[in-house]
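**Student:** Generate a structure from the sequence data that follows.
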Amino acid sequence: MSRDFSSLGIQPEIVKSLADLKIAVPTDIQQKVIPVILNQQKDIVALAKTGTGKTAAFGLPLLQLIDLKNNDIQAVILAPTRELGQQIHQNLASFSTYNSEISMAVICGGIPIKPQIERLKKPTHIVVATPGRLADLVKREAINLKKISYFILDEADEMVSALKEGLDAIIAEIPKKRRTFLFTATMPGAIRQLVNNYMAKEVVTIAADMKTVGHQGIDHQYVVVEPIEKLAVLLHFLNAKERQRGIIFCKTKAAVNKLAKNLAINKFSSGAIHGSLTQGIRDRIMGQFREGHIDILVATDLAARGIDVKEIGYVVNYHLPDTYDAYVHRSGRTARAGAKGLSLTILQQEEVVDIADFEKELGISFSRYEKADAQSIEENNGLIWAKKIFKTKPNKTVSEDFKAKIKTIFHHLTKEELVDKILADYLARTTTKVSKEENSKKKKRN
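**Tutor:** Next up, the predicted model:
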């Protein structure tokens with residue numbers, strides 16, 4: 001039987017903020033974590049998938065444990081990316097609407113450090129940070145972590161590489177008598193080592209009910225393609241999902257750029273993010289996606305951390321991820337907050353054998369998505385071509401005299417006749433192109 005937040009020990013003013021946000025029933029991980037944070041003094045390792053409410057699990061009790069009479073930094077929350085850090089800060093701010101005396105700062109990389117240094121000169125209770133930027137501030141002696149009581153590592157399995165570089169410097173600054181809360185979707189060896197090295201000998205290990213959360217509501221499918229048809233199959237799928245929002249994951253930055261360019265050429269409402277883009281561009285694209293101005297986000301794994309959008313209808317793995325953990329994080333972008341979602345993985349024939357390993361390791365089942373036949377692909381390409389024409393802006397530099405001559409040629413045609421002729425020309429051109437490509441392949445084989 002689920003409990004309400006009051007029965008977990010959450011104070012009335014925070015419960016009121018949750019009510020404003022239409023949050024009334026705690027998730028499984030929240031029911032398990034909140035009482036431990038409030039009523040015990042032990043460290044916590046919490047295993048919970050993306051979308052299970054982890055931020056509220058540590059954020060709600062943390063907000064009421066802050067001593068408002070103490071202006072020292074009392075809590076540090078580490079996140080793997082600036083996007084996730086900002087999301088955590090926004091959530092904490094929304095949870096503390098009726099307790100505005102709590103002061104919080106976001107300290108992340110990708111933006112100038114001097115304004116952050118100036119911000120830290122003001123009283124601050126909670127700092128949300130990325131590891132690299134926080135380590136830099138520690139090195140500059142621009143932040144005082146010597147009196148913190150709470151150290152939270154969110155999405156720890158996504159931070160392992162960054163933590164290796166910055167965590168030692170951070171740990172050296174914070175008190176030994178602190179409480180550490182580590183949240184992770186998976187428990188690879190590197191995370192177990194981190195727990196052994198940096199947390200108390202006795203920790204409370206908590207896991208969300210993996211049978212009812214994490215993969216709940218996600219339809220896992222895969223489609224098998226030849227390399228040459230991969231983009232066409234994807235475009236057919238995206239056309240079928242028109243007006244739904246989705247994320248397409250690629251392994252590399254170069255692959256993200258190439259696919260994003262193809263989507264733009266074909267007039268899909270899309271944007272791309274990866275680590276080599278400036279923070280300003282990433283923020284702008286993320287903002288457009290969150291606000292619904294673009295429907296498709298093409299991203300690398302790490303760049304997409306912190307996307308907390310409830311209406312993501314599907315995720316596409318344009319490349320099979322290298323690890324099971326990466327698949328968990330990717331697929332967890334959809335089916336959030338009780339919604340349904342699709343996770344589609346595009347495979348080449350030799351990769352199909354890997355599906356059984358993913359099913360066994362993650363306890364999920366994949367079904368086969370039948371790719372469109374050649375005729376459907378051809379018709380879909382025609383629809384994309386028509387939409388490109390429809391979305392093309394008129395060329396204002398064309399002279400009126402030349403435009404009048406063109407109109408004279410077509411003026412006696414009805415709309416239906418004009419469409420028929422344009423379509424016939426398109427089909428003739430594409431047939432000729434395909435024939436040339438096939439002849440070229442034959443010559444190479446011979």
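**Student:** what's the helix or strand for Lys16?
**Tutor:** Using DSSP states H and E, Lys16 falls within helix 12-20.
**Student:** residue boundaries of the helices in the stretch 151-300 of the chain?
**Tutor:** Taking DSSP state H, counting those that start in this stretch as the test, the helices found in the stretch 151-300 of the chain are 160-173, 189-198, 230-240, 253-265, 279-290.
**Student:** For Phe151, the count of nearby residues, please.
**Tutor:** 22 (other CB atoms under 10 Å). Bear in mind the C-beta positions are built from the backbone N, C-alpha and C, glycine included.
**Student:** Hmm, I typed the wrong one, I wanted Val195.
**Tutor:** Burial of Val195 is recorded as 20 neighbouring residues (other CB under 10 Å).
**Student:** Now the element after the helix holding Lys16, going C-ward?
**Tutor:** Per DSSP H and E, the first helix or strand lying C-terminal to helix 12-20 is helix 28-39.
**Student:** Buried residues, that following helix. List them.
**Tutor:** Neighbour counts over helix 28-39 (16 or more other CB atoms under 10 Å) mark Asp28, Ile29, Gln30, Gln31, Lys32, Val33, Ile34, Pro35, Val36, Ile37 as buried.
**Student:** so what's the third one closest to, chain neighbours aside?
**Tutor:** Closest residue in space to Gln30, ignoring its immediate chain neighbours: Ala57 at 4.6 Å, by CB to CB, 6 or more residues apart in numbering.
**Student:** What angle do helix 12-20 and the helix or strand that contains the one you found make with each other?
**Tutor:** Assigned by DSSP H and E, Ala57 belongs to helix 54-65. Computed by axes from the mean of the first three to the mean of the last three CA atoms, to 10 degrees, the angle separating helix 54-65 from helix 12-20 equals 150 degrees.
**Student:** contacting residues around the residue nearest to Gln30?
**Tutor:** Ala57 makes contact with Thr27, Ile29, Gln30, Lys32, Val33, Ile34, Ala46, Ala48, Phe183, according to CB atoms under 8 Å, 6 or more residues apart in numbering.
**Student:** quick check, nearest of the residues you listed to Glu359?
**Tutor:** Ala48 (21.1 Å; CB to CB).
**Student:** Burial check on Arg119, number of neighbours?
**Tutor:** By the measure other CB under 10 Å, the count of residues near Arg119 is 14.
**Student:** residue contacts, it?
**Tutor:** By CB under 8 Å, 6+ apart, Arg119 lies in contact with Ala105, Ile107.
**Student:** Now with 6 Å, please.
**Tutor:** With contact set as CB atoms under 6 Å, 6 or more residues apart in numbering, Arg119 has these partners: Ala105.
**Student:** cool, and Val160?
**Tutor:** The neighbours of Val160, taking CB under 6 Å, 6+ apart as the test, are Ala190.
**Student:** Apply 8 Å and report the result again.
**Tutor:** With contact taken as CB under 8 Å, 6+ apart, Val160 is in contact with Pro188, Ala190, Ile191, Leu194.
**Student:** I'd like to know how far the third one sits from Asp325.
**Tutor:** Computed with CB to CB, to the nearest Å, the distance linking Ile191 and Asp325 is 10 Å.
**Student:** Overlap in contacts, the two.
**Tutor:** Taking CB under 8 Å, 6+ apart as the criterion, Ile191 and Asp325 both touch Asp157.
**Student:** one step back: are any of the contacts of Val160 buried, and if so which?
**Tutor:** By 16+ other CB under 10 Å, the contacts of Val160 give Ile191, Leu194 as buried.
**Student:** what's the closest non-adjacent residue to Asp20?
**Tutor:** Asp20's closest residue in space is Thr97 (CB to CB, 6+ apart), at 6.5 Å.
**Student:** List phi and psi for that neighbour.
**Tutor:** Main-chain dihedrals, Thr97, degrees, to the nearest 10: phi -50, psi -40.
**Student:** ok, back up a step: pull the helix holding Ala57 out as CSV, backbone CA atoms only.
**Tutor:** The C-alpha trace of helix 54-65 is given here as CSV (Å, rounded to 0.1, in the frame of the first residue of the first chain):
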residue,chain,number,x,y,z
LYS,A,54,15.4,9.9,-7.5
THR,A,55,15.7,13.7,-7.3
ALA,A,56,12.8,14.0,-4.9
ALA,A,57,14.0,10.9,-3.0
PHE,A,58,17.1,12.8,-1.8
GLY,A,59,15.9,16.3,-2.5
LEU,A,60,12.8,16.5,-0.3
PRO,A,61,14.4,15.3,3.0
LEU,A,62,17.5,17.3,2.2
LEU,A,63,15.6,20.5,2.0
GLN,A,64,14.1,20.1,5.5
LEU,A,65,17.5,19.0,7.0
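**Student:** For it, which residues meet the burial criterion?
**Tutor:** Using 16+ other CB under 10 Å as the test for burial, helix 54-65 gives Lys54, Thr55, Ala56, Ala57, Phe58, Gly59, Leu60, Pro61, Leu62, Leu63, Gln64.
**Student:** relative to helix 28-39, how tilted is it?
**Tutor:** Orientation check (the same axes, to 10 degrees): helix 54-65 against helix 28-39 gives 20 degrees.
**Student:** Which SSE is immediately downstream of helix 54-65?
**Tutor:** Reading on from helix 54-65 to the C-terminus, the next helix or strand found by DSSP H and E is strand 75-78.
**Student:** Would you map the strands across the protein?
**Tutor:** With DSSP state E as the criterion, the chain has strands at 43-47, 75-78, 104-107, 126-129, 150-153, 179-184, 203-207, 218-224, 245-249, 270-273, 296-299, 312-317, 341-347, 366-368.
**Student:** For the closest residue to Ser343 other than its chain neighbours, give me the pLDDT.
**Tutor:** On the basis of CB to CB, 6+ apart, the spatially nearest residue to Ser343 that is not a chain neighbour turns out to be Ser331, at 3.9 Å. For Ser331, the pLDDT comes out at 87.
**Student:** ok, now Thr52?
**Tutor:** We have a pLDDT of 77 for Thr52.
**Student:** what's around it, how many residues?
**Tutor:** By other CB under 10 Å, the residues close to Thr52 number 26.
**Student:** Do I have it right that it meets Asp28?
**Tutor:** Yes. Counting by CB atoms under 8 Å, Asp28 is a contact partner of Thr52 at 7.0 Å.
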